[in-house]
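Q: Please work out how this folds:
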Amino acid sequence: MIKFERHPEIAISASEFATGKYKTWYSNDYGAIMSAIASRTLDEREALRALFLTDLWFMVRFGMSVVSADHPFVVEICRDIESGPQSGTLDVYAREHFKSTVITQGETLQRRLREPDKCTGIFAYARPAAKAFLRSIKILCEQSDLLKWCFPEVLWAKPEAEAPKWAEDDGLIFKRKNNARKESTIEAWGLIEGMPTGRHFDDRVYDDIETDDIRESPDMLRKCYDKFEMSDNLGVDGGTERVIGTFYSHYGPIKKIQDKKRIDGTPMYLTRIRAATHDGTKDGNPVLLSQERLDKLKMSVHFNSQQLCNPTPDYEIKLDFAMLQPIEPRFMPKNRLKFVLIDPAGDDAQTKGVKNDSWAMGCISVEPVMDDLGTSKIFIEDAVCDSMSLNVAVDAAVGLYLRNGRITGVGIERVGTDSAYEHVRKALLAKGRYVKIKKTERDDGNMILLSPDGKSKTRRIESALSWPWNNGKIYYSTRLPASILDKLREECAKFPLYHVDFLDMIAYIYKVIEMMRFNFRCQDEDTDDEDETLTGRGCGHLSPLQGKSAVTGY
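A: Take a look at the predicted model:
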């Protein structure tokens with residue numbers, strides 16, 4: 001006989017909840033049901049069967065014996081899952097907030113007890129992680145005398161000896177009528193490794209498809225998302241799909257799944273986000289964890305993503321777009337030096353044109369005047385940032401160069417053995433533009449081959465941009481297209497947990513200035529700008545006076 005004790009913060013019914021004394025309400029009056037069973041008004045087995053099959057919280061709390069599930073938060077999420085869509089959902093929960101227990105384990109078991117002839121596939125980033133979810137269901141079905149008593153037509157008395165398949169590798173086969181079906185009742189698979197072929201599951205559950213291990217690897221994140229999309233072919237027409245997880249970054253598979261759209265433009269997945277605090281902020285009240293536990297987790301650098309379900313909350317933004325200064329081209333300094341900066345696609349295969357990836361390039365100009373801290377004003381005059389093949393990117397770089405008047409120099413990132421710089425150089429020479437690779441400090445080259453110098457993009461961007469960005473030294477032209485400004489705004493808001501191609505390109509302007517070794521005058525020098533002559537060591541042939549730009553008109 002199940003013993004039910006009512007939680008003091010949970011109402012017995014929705015009508016009682018309306019009194020304002022409780023945090024949520026139970027789906028059923030369990031106390032009344034248990035009393036009816038005790039008085040033999042209700043048949044115990046039939047009553048419990050009905051509750052296990054229709055009440056998700058009851059399954060978790062009493063079928064799975066998860067005592068800690070008797071909490072307002074868990075009761076509420078179970079009811080939301082039951083009453084909401086049964087497929088096409090993305091549940092992003094804070095860690096330790098029951099998402100796997102309730103959905104991956106509880107709902108999966110509930111569905112298979114209800115329809116044992118159907119099959120569920122559990123998918124994780126790697127197969128060992130998926131098998132861990134399957135293991136908990138396996139042990140429960142082996143050891144729960146209560147579930148075996150309630151469902152003798154589905155669960156084996158001794159599954160290890162009686163079931164056709166009962167293992168983490170082969171899956172679990174419950175008692176069912178369709179013995180010819182090749183899929184086990186519940187199976188566990190990985191996306192990156194171990195994805196099955198020739199399987200078709202009625203229900204698919206994706207849990208932990210994104211992990212911290214792959215957070216900083218764009219290639220692995222892309223591969224994981226590609227495999228997720230491929231796994232759609234392992235479903236069936238009319239089947240269900242649940243995706244659950246936690247954000248690790250703004251460009252991981254979970255975020256991409258959230259952004260997926262149907263043909264009509266509506267979201268493909270209903271996203272339900274449950275942060276660890278009531279308002280999703282660091283100082284909000286905990287919804288499940290103790291205050292002591294939450295305060296300890298706040299000390300972690302992963303608190304925002306793992307507990308607030310937001311890798312970069314507003315108060316954590318390090319490069320606020322609002323700190324940039326808009327400026328009309330006619331107000332830009334006449335003696336500014338213009339540079340074309342190019343951040344090619346991410347890897348050698350992409351720069352060779354095997355596939356498209358994001359290129360960022362811009363015309364960035366510098367006022368040849370330094371403040372007392374040695375910083376000059378820079379101006380973002382023109383930019384291109386998009387996914388392009390090598391040939392398209394080279395054409396875009398040449399177009400950017402030609403339409404922005406007289407260009408002082410070109411800076412292009414070179415990583416490894418990629419040769420994008422050579423394609424750009426030859427294309428500019430074909431247009432009659434002087435381009436020579438600068439190999440030493442003293443030669444007259446005006447193309448700088450840039451390198452990350454062993455620094456991560458995040459560190460490189462922060463060290464180069466933080467001070468000038470937050471002290472009014474960076475301007476953008478009011479003639480920049482809205483799409484470019486939106487791209488920059490998005491990178492700023494989500495930095496550093498997002499693609500930062502645009503920001504990386506801008507940051508390189510300081511590296512170019514350093515390598516070209518210009519002698520800028522100090523801000524407090526009393527010099528007539530109209531008569532001023534600038535010299536630069538190794539590039540004395542370059543004039544500070546700029547040709548007219550087709551973009552800004554100045």
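Q: does Leu146 really touch Gly63, like I thought?
A: Yes: with contact defined as CB atoms under 8 Å, Leu146 counts as touching Gly63 (7.2 Å). Yep, even glycine has a C-beta here, placed from its N, CA and C like the rest.
Q: Neighbour count: those two, which is higher?
A: Gly63 (25 against 14; other CB atoms under 10 Å).
Q: Assign Phe502 to helix, strand or coil.
A: Per DSSP: H, G, I helix; E, B strand; the rest coil, the secondary structure class of Phe502 is helix.
Q: Number of residues surrounding it?
A: Neighbours around Phe502, by other CB under 10 Å: 24.
Q: so how far is Glu9 from it?
A: Distance of Phe502 to Glu9, given as CB to CB, to the nearest Å: 48 Å.
Q: repeat for Ala482
A: For Ala482, the distance to Glu9 (CB to CB) stands at 49 Å.
Q: now do Met268
A: 36 Å.
Q: Kindly report the same for Met447.
A: For Met447, the distance to Glu9 (CB to CB) stands at 68 Å.
Q: what does Glu422 give?
A: Here Glu422 is placed at a distance of 68 Å from Glu9 (CB to CB).
Q: try Leu294
A: 18 Å.
Q: And the two? Which one has more around it.
A: Taking other CB under 10 Å, Leu294 and Glu9 do not tie; Leu294 has more neighbours (21 against 12).
Q: which SS state does that one fall under?
A: For Leu294, the assignment made with three-state DSSP gives helix.
Q: Make sure it is actually in contact with Val287.
A: No: proximity of Leu294 to Val287 does not meet the contact threshold set by CB under 8 Å, at 9.6 Å.
Q: Tell me how far Thr120 lies from Thr185.
A: Taken as CB to CB, the span from Thr120 to Thr185 is 7 Å.
Q: any common contacting residues for those two?
A: When CB atoms under 8 Å, 6 or more residues apart in numbering defines a contact, the residues bordering Thr120 and Thr185 alike are Arg112.
Q: Compare these two and say which is more crowded by neighbours.
A: Using other CB under 10 Å, the more surrounded residue of Thr120 and Thr185 is Thr120, with 29 against 24.
Q: phi, psi of the more buried one?
A: The phi and psi values for Thr120, taken as degrees, to the nearest 10, are phi -120, psi 130.
Q: low pLDDT regions in the stretch 51-200 of the chain?
A: By pLDDT under 70, the stretch 51-200 of the chain contains no weakly predicted segment.
Q: Please enumerate the strands of it.
A: 89-93, 120-126, 166-167, 171-172, 186-193 (DSSP state E, counting those that start in this stretch).
Q: any chance of those in TSV, with distance to Val102 too?
A: Output for these, formatted as TSV (distance: least, CB to CB, whole Å):
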stretch	distance to Val102
strand 89-93	9
strand 120-126	14
strand 166-167	24
strand 171-172	19
strand 186-193	16
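Q: Return the most buried member of those strands.
A: strand 120-126 (a mean of 27; mean count of other CB atoms under 10 Å).
Q: Residues contacting that one, please?
A: Applying CB under 8 Å, 6+ apart, the contact partners of strand 120-126 are 104, 108, 111-112, 130, 133-134, 183, 185-196, 199, 201-211, 213-214, 224, 228, 231, 234.
Q: if we can go back for a sec, ok, which of the strands of the stretch 51-200 of the chain comes nearest Gly280?
A: strand 89-93 (11.3 Å; CB to CB).
Q: then that closest one to CSV, C-alphas only?
A: Extracted in CSV, the C-alpha atoms of strand 89-93 (Å, rounded to 0.1, in the frame of the first residue of the first chain):
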residue,chain,number,x,y,z
THR,A,89,9.4,20.1,-27.6
LEU,A,90,12.7,21.4,-26.5
ASP,A,91,13.0,21.5,-22.7
VAL,A,92,16.0,23.5,-21.4
TYR,A,93,16.3,23.1,-17.7
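Q: Which strands or helices does it pack on?
A: strand 240-245, helix 253-259, strand 270-274 (3 or more CB pairs under 8 Å, 6 or more residues apart in numbering; DSSP states H and E).
Q: what's the angle from that strand to strand 270-274?
A: Here strand 89-93 runs at an angle of 10 degrees relative to strand 270-274 (axes from the mean of the first three to the mean of the last three CA atoms, to 10 degrees).
Q: in its sheet, what does strand 89-93 sit against?
A: strand 240-245 (parallel), strand 270-274 (parallel) (DSSP bridges).
Q: ranking those by burial, who's on top?
A: Of these, strand 240-245 is the most buried (mean count of other CB under 10 Å), at a mean of 22.
Q: average model confidence for the helix or strand where Val384 lies?
A: Assigning secondary structure by DSSP states H and E places Val384 in strand 378-388. What strand 378-388 shows for mean pLDDT is 93.
Q: next one: stretch 394-407
A: 94.
Q: Output that stretch as PDB, nothing but the C-alphas.
A: The C-alpha coordinates for stretch 394-407 follow below in PDB (Å, rounded to 0.1, in the frame of the first residue of the first chain):
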ATOM      1  CA  VAL A 394      37.800  36.600 -52.800                       C
ATOM      2  CA  ASP A 395      35.400  38.600 -55.000                       C
ATOM      3  CA  ALA A 396      33.900  40.200 -51.900                       C
ATOM      4  CA  ALA A 397      37.300  41.200 -50.500                       C
ATOM      5  CA  VAL A 398      38.300  42.800 -53.800                       C
ATOM      6  CA  GLY A 399      35.000  44.700 -54.000                       C
ATOM      7  CA  LEU A 400      35.400  45.900 -50.500                       C
ATOM      8  CA  TYR A 401      38.900  47.100 -51.300                       C
ATOM      9  CA  LEU A 402      38.000  48.900 -54.500                       C
ATOM     10  CA  ARG A 403      35.000  50.800 -53.200                       C
ATOM     11  CA  ASN A 404      36.600  52.300 -50.200                       C
ATOM     12  CA  GLY A 405      39.000  54.700 -51.700                       C
ATOM     13  CA  ARG A 406      42.700  54.600 -51.000                       C
ATOM     14  CA  ILE A 407      43.600  51.700 -48.700                       C
END
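Q: For it, list every residue counted as buried.
A: Within stretch 394-407, the residues scored as buried using 16 or more other CB atoms under 10 Å are 394, 396-398, 400-401, 404-405, 407.
Q: likewise stretch 23-43?
A: 23-28, 30, 33-34, 37, 42.
Q: Among the residues you listed, which ones are in strands?
A: 24-25 (DSSP state E).
Q: In TSV, list the buried residues of stretch 23-43 along with distance to Met516 and pLDDT.
A: Listed next are those as TSV, based on distance: CB to CB, whole Å; pLDDT from 0 to 100:
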residue	distance to Met516	pLDDT
Lys23	63	94
Thr24	64	95
Trp25	69	95
Tyr26	71	96
Ser27	70	95
Asn28	74	95
Tyr30	76	96
Ile33	80	96
Met34	81	95
Ile37	84	95
Leu42	85	95
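Q: circling back: could I get the buried residues of stretch 394-407 in TSV, plus columns for secondary structure and distance to Leu319?
A: Below are these laid out as TSV (DSSP: H, G, I helix; E, B strand; the rest coil; distance: CB to CB, whole Å):
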residue	secondary structure	distance to Leu319
Val394	helix	29
Ala396	helix	25
Ala397	helix	25
Val398	helix	30
Leu400	helix	23
Tyr401	helix	27
Asn404	coil	24
Gly405	coil	28
Ile407	coil	26
